[in-house]
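K.L.:
Curious how this folds, go ahead:
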Amino acid sequence: MRRFAGRWKGEKPDGSGLRDRASAEAAMEGLGDLKDSFAEIKEKAGKLKTNCARFNLPAPRFTELEELDADVGKTVEAWALFEDYSSALAELSGERWLEIRERVYVMDDFLAKWAERLKGREVDAVVRFLYAEIERLRKNVPFLKFVKGDAFTDEHWAALFRMLAMPPGTKKAELTLQVMLDKSDHVREQVDAIKDLQARATAELTIREALQELTGWAIEAEFKVIEHLDASGRRVALIKEWKDVQTAVGDHQSVLQAMRDSPYFGKFQDEAEGWDKKLSILAMGLNDLNAVQRKWLYLEPIFGRGALPHEQQRFRRVDDEFRGIMAEVHADVRVVSFAGISGITEKLPVMIDQLERCQKALADFLEEKRSKFPRFYFIGPLPPALLALALALALALVLHPAAPA
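P.N.:
Down below sits the predicted model:
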């Protein structure tokens, strides 16, 4: 008994060494061993009293045992409160962090419930510790919302683990609410860095999704092509509904430009530069090809019938080039493939210039004939096919003027 009394006085958890939950749990474990040892002593004392009564001997007095019994009982009762708290917290905090991170408010309810339970109790070491622990978590839990990691990649999780001094090899799937509560002091201290990490992860996710959307558009976007019969009955592919394609290209260029304004753009720069180059080719090339197609549609019915022989060679060169480009477009109707046509951005401006020369030569010819034959002032606004017919009639009148009446 005396040996246990000395041990009890030396090992009894009086709360003076409580610093955190780990020290409290260690004290609780030590108390459990002491309680078991004391239970054995009480059992032996009880047997001794029973044996004495059986032989009609005076019952021994265990004054020290009675004093210890009161002290042990009071201490066990006090620490039972901590045991209840730990059990309730363990049931809640054992959930995986990735599953409970959107419901951290349950911790607020838990802490409020326990703060209410402590009211009116005698303030001993355990109650003081629980008050301090509840207050600490009340301050820290609100900061856990910044470590949800919704947009985090493995790279961001690794950076977060370094900030929180997590053990090497920690995996996000293994995180529990208890782990985050244990690290909540670090979270509060590192909150500014964590906010920046969250902002970076969100911005990078936005950029990554935009690039993925651009890749998806490049795979799926196709020209709407129709076949057109020219003046000689040959078929040539033409593009229709230009506006949708050109609008999409412009929108993606705007998104890329917005990406550049992000302070987190750097890691995507090489990929974005590649897309920027392709989109620039598409924007300029499609604008020029649209102009070439419109001019070609206007002039082909005229030059296809042999008008203006001195301009025929110029038009034929452009005509061959245009048909070649449209054949490539028809063979691969994906919009992004147009940017891969060799020399397309150099060819199209030259073609526009040559077609404008042909158109100017035609206008000069018509103006000359109008001055000689005022009746042909109606020719200009006609559609290409009728203009070609009118031009043929004008040529015939020039070559074979009617006899005067």
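
K.L.:
From here on, just use CA atoms for contacts and neighbour counts.
P.N.:
Will do.

K.L.:
I'd assumed residue 143 was in contact with residue 191.
P.N.:
Yes: the criterion here is C-alpha atoms under 8 Å, and residue 191 meets it with residue 143 at 7.1 Å.

K.L.:
Any regions of the protein where pLDDT drops low?
P.N.:
1-46, 48-49, 59-75, 373-405 (pLDDT under 70).

K.L.:
any idea which residue sits dead centre in it?
P.N.:
The centroid of the chain falls nearest to residue 205 when counting by C-alpha atoms, centre = their mean (2.6 Å).

K.L.:
Now that one. Its backbone dihedrals?
P.N.:
Geometry field for residue 205 lists phi and psi as phi -60, psi -40, criterion degrees, to the nearest 10.

K.L.:
Check the secondary structure at the residue nearest to it when sequence neighbours are not counted for me.
P.N.:
Distances taken as C-alpha to C-alpha, 6 or more residues apart in numbering place residue 151 nearest to residue 205, at 6.3 Å, with adjacent residues excluded. Using DSSP: H, G, I helix; E, B strand; the rest coil, the structure places residue 151 in coil.

K.L.:
what sits against residue 151?
P.N.:
198, 201, 202, 205 (C-alpha atoms under 8 Å, 6 or more residues apart in numbering).

K.L.:
Arrange the residues you listed in JSON lines, one row each, with distance to residue 130 and secondary structure as further columns.
P.N.:
Shown next, in JSON lines, are these (distance: C-alpha to C-alpha, whole Å; DSSP: H, G, I helix; E, B strand; the rest coil):
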{"residue": "198", "distance to residue 130": "32", "secondary structure": "helix"}
{"residue": "201", "distance to residue 130": "37", "secondary structure": "helix"}
{"residue": "202", "distance to residue 130": "38", "secondary structure": "helix"}
{"residue": "205", "distance to residue 130": "41", "secondary structure": "helix"}
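
K.L.:
Select only the buried ones of these in PyMOL?
P.N.:
The buried residues among the contacts of residue 151 can be selected in PyMOL (16 or more other C-alpha atoms under 10 Å) with this line:
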select buried, resi 198+201+202+205
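
K.L.:
Show me which of the contacts of residue 151 is closest to residue 177.
P.N.:
Within these, the smallest distance to residue 177 is 19.0 Å, found for residue 198 (C-alpha to C-alpha).

K.L.:
What's the separation between the closest one and residue 342?
P.N.:
Between residue 198 and residue 342 the computed distance is 44 Å (C-alpha to C-alpha, to the nearest Å).

K.L.:
now residue 192
P.N.:
Distance, residue 192 to residue 342, by C-alpha to C-alpha: 51 Å.

K.L.:
now do residue 78
P.N.:
With C-alpha to C-alpha as the criterion, residue 78 and residue 342 are 85 Å apart.

K.L.:
Mind checking which of these two has more residues around it?
P.N.:
residue 78 (17 against 10; other C-alpha atoms under 10 Å).

K.L.:
secondary structure element for the more buried one?
P.N.:
Following DSSP states H and E, one finds residue 78 within helix 63-93.

K.L.:
what's the answer for residue 206, then?
P.N.:
For residue 206, the element it lies in under DSSP H and E is helix 191-220.

K.L.:
downstream neighbour of that helix in the secondary structure list?
P.N.:
strand 224-229.

K.L.:
Pull out the buried positions in that following strand.
P.N.:
Counting neighbours by 16+ other C-alpha under 10 Å, one finds that the buried residues in strand 224-229 are 224, 225.

K.L.:
Each with direction, which strands does that strand pair with?
P.N.:
Here strand 224-229 is paired, per DSSP bridges, with strand 235-240 (antiparallel).

K.L.:
buried residues in the partner strand?
P.N.:
Neighbour-count burial for strand 235-240 [16+ other C-alpha under 10 Å]: 236, 237, 238, 239.

K.L.:
Arrange the residues you listed in CSV, one row each, with distance to residue 116 as further columns.
P.N.:
Formatted as CSV, those follow (distance: C-alpha to C-alpha, whole Å):
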residue, distance to residue 116
236, 84
237, 80
238, 78
239, 75
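
K.L.:
just these now: which is nearest residue 158?
P.N.:
residue 239 (50.4 Å).

K.L.:
so who does that closest one touch?
P.N.:
When contacts are counted by C-alpha under 8 Å, 6+ apart, residue 239 touches 223, 224, 225, 226.

K.L.:
Against the centre of this structure, work out the most remote residue.
P.N.:
Within the chain, residue 56 marks the point farthest from the mean C-alpha position, 85.6 Å out by C-alpha atoms, centre = their mean.

K.L.:
Quick one: residues contacting it.
P.N.:
The contact partners of residue 56, taken as C-alpha under 8 Å, 6+ apart, number zero.

K.L.:
Name the SS class of it, please.
P.N.:
Assigned with three-state DSSP, residue 56 falls in the coil class.

K.L.:
May I have the phi/psi pair for it?
P.N.:
Per degrees, to the nearest 10, the backbone of residue 56 is at phi 60, psi 40.

K.L.:
how close does it get to residue 50?
P.N.:
Computed as C-alpha to C-alpha, the residue 56 to residue 50 distance reads 10 Å.
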